[in-house]
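Asker: Next comes the sequence, and after it the predicted model I'd like to discuss.
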Amino acid sequence: MTATLTSLSSFVTVNDNAASFGTVNIHGTANCSGNPFNITAAGNTPPGQKANLLVVFSSSAGATQNDTITIQLGPKSMADPQGPDAYGYYCFDNTDLNYAQRPTYAWVDINSIGTQLPITDTGADQDQSVDITLPFTFRYYGQDVIRLTVCSNGWLATNSNPSFTDFRNYPIPSPPGPNGMIAGFWDDLVTTSTGKVYSYYDQSNHRFIVAWSHMRNYSSSGVEEDFEIMLYDPAYTPTPSGDGEIIFQYNIVNENVGVYSDNKYSTVGIESPDQHDGIQVVYWNTYTDPAVAHLQTGRAYKFTTAFTYGTPPVLNMDVNISAINPPIVIPANGGSFQYNVNVHNLGTQPADGQIWNKVRDASNIYTQVFGPLGRVLPPAANPTRTVRQTIAGSISAGTLYFISYVGTYPNAVVDSSFFTITKSTMADGNPWIGESFVTGDFFDEYAVSTSTSIPTEYSLGQNYPNPFNPLTSISFNLPQAGLVKLTVFDVMGREVAQLVNGLREAGAHSITFDGSGLASGVYLYKFEAGDYTATNKMVLMK
């Protein structure tokens, strides 16, 4: 018996992928201690990160068996986030100081500015739910959400069902409870004379807030809970999966109360619409993950698929863009348009940031069309440029949001700006455009340096995110202009996509690969430029 090992994690490198077990008798056991695998975890691996490894066992007679094993890279502590779950959500709290996604507790009191929802106590029927329409399309576990069910018992449901009012809380994930539950404080709550449920669209901050104000636990007179759930518009707060971010905040917490065993303690967390996946912060005063900061007054939790280890430098920058000669219509085969872009260093220190562009279609799918491009602006610098954006023919037809971001690529967004364009279903007779890019002076005088703007050697980067579903970005560097070919193959060596095949300028390039039509599994992407050839693995996980 022999075996080979493949890393499915960007944090793990396999140094020796072959192991042998010798002869294994029927009903016998064996190990590979005489010829083991050897792997290395990257130095920037977040503590407690779980890594998947693919092991292919082979017998001398030719039989094979594939197994995926999961290992944890280092111990977790309360300073680390929970997760990820199977889909890719993490839960960060306001004690996770070493992570860019750490939320800051900042209570938003919407009692006087929000809309009071028609949730009141009417005799014995004190468990109530209502349906509301969101002001933007929210994305949750890969599903678009335009309506929510809001329940008096401290939860939202993305699969709307206003007749469901469950007060009895259960662990996450499990079949009881609503589908697509977002549980801020799932317990038997009542409004009585002071408790109310409000909603508010905070348009300036691109978020929708639902607040349970001074709700009382059913079995404990005078004990109140005051908390809120904030859903962020994914058009302005992008994540690798395209899902919107969620923040829970707690102004008053009295969790350990109650007389009846079924409503003594709350459930807090998120659960997938199929109820098979999720992240549980707490259930019945039990915290099973060592990374969880316990529920208390002044606590904030953020649920996101974005992940950055290490606190990024503070950037005080903004970006504003505007279309020239709108409305802009791009032919089906691709085309270009001009726009004005302004970046501003609002601080008193040099700002070292990056700029990149994406488009978002009606299905909330984001496609990168330019960047990231690093620039260092002096204090108070406020330059404006006119540049031309070319859009590839592969971009979806329909109304698109064209969005510029500034921050630390890819997830730490400091500011963004957008306008709409239309991708037509009709071609204009010109050649097909296979790649999106920007031309013109893009603040060239603020480039970090010539040596960093133009790479000194060919290189192929690891795709990000990895694993991915269904979009990922592949980067490569060219020290000089030349013919480039970037091709994707399955593990059998069959070509499944040709991403680049033509002349490209010297510099750093990034191409988006869409695996929507492919099955889950390991794929290879091959980069050819000049005499240089490189191949990397990536994992599509649906």
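Answerer: Good, I have the coordinates. Numbering: from 1, shown residues only.

Asker: burial count for residue 528?
Answerer: Per other C-beta atoms under 10 Å, the neighbour tally for residue 528 reads 18. Backbone N, C-alpha and C define where each C-beta goes, glycine included.

Asker: Which helix or strand contains it?
Answerer: Residue 528 is part of strand 521-529, with elements assigned from DSSP states H and E.

Asker: buried set for that strand?
Answerer: Neighbour-count burial for strand 521-529 flags 523, 525, 527, 528, 529 (criterion: 16 or more other C-beta atoms under 10 Å).

Asker: next SSE after that strand?
Answerer: Heading C-terminal from strand 521-529, the first helix or strand you meet, by DSSP H and E, is strand 532-540.

Asker: Low-confidence regions, the protein specifically.
Answerer: Low-confidence segments of the chain (pLDDT under 70): 121-125, 220-222, 255-264, 310-314, 410-412, 448-454, 502-503, 505.

Asker: close enough to count as contact, residue 136 and residue 237?
Answerer: No - at 11.0 Å, residue 136 does not count as touching residue 237 under the criterion of C-beta atoms under 8 Å.

Asker: joint contacts of these two?
Answerer: The contact sets of residue 136 and residue 237 overlap at residue 206 (C-beta atoms under 8 Å, 6 or more residues apart in numbering).

Asker: I figured residue 219 hits residue 190, correct?
Answerer: No - counting by C-beta under 8 Å, residue 219 stays clear of residue 190, with 9.7 Å between them.

Asker: Which secondary structure element is home to residue 147?
Answerer: Under the criterion of DSSP H and E, residue 147 resides in strand 143-151.

Asker: What is that strand packed up against?
Answerer: With contacts defined as 3 or more C-beta pairs under 8 Å, 6 or more residues apart in numbering; DSSP states H and E, the packing partners of strand 143-151 are strand 129-140, strand 155-157.

Asker: Pairing partners for the strand holding residue 528, with directions?
Answerer: Strand pairing for strand 521-529, using DSSP bridges, gives strand 482-490 (antiparallel), strand 532-540 (antiparallel).

Asker: Distance to residue 86 added to the ones you listed, as TSV?
Answerer: As requested, the strands paired with strand 521-529 are arranged in TSV below (distance: least, C-beta to C-beta, whole Å):
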stretch	distance to residue 86
strand 482-490	23
strand 532-540	14
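
Asker: Looking at these, which is nearest to residue 93?
Answerer: strand 532-540 (28.6 Å; C-beta to C-beta).

Asker: Buried ones in that closest one, by neighbour count?
Answerer: Neighbour counts using 16+ other C-beta under 10 Å place 532, 537, 538, 539, 540 of strand 532-540 among the buried residues.

Asker: what does stretch 212-222 give?
Answerer: Buried positions in stretch 212-222, judged by neighbour count with 16+ other C-beta under 10 Å: 212, 213, 214, 215, 216, 217, 218, 219, 220.

Asker: closest one to residue 109 among the strands paired with strand 521-529?
Answerer: Residue 109 lies closest to strand 532-540 among the strands paired with strand 521-529, at 44.2 Å (C-beta to C-beta).

Asker: and that closest one, how far from the chain's centre?
Answerer: 23 Å (C-alpha atoms, centre = their mean, to the nearest Å).

Asker: now do stretch 414-426
Answerer: 20 Å.

Asker: now do stretch 455-468
Answerer: Per C-alpha atoms, centre = their mean, the displacement of stretch 455-468 from the mean C-alpha position of its chain is 19 Å.
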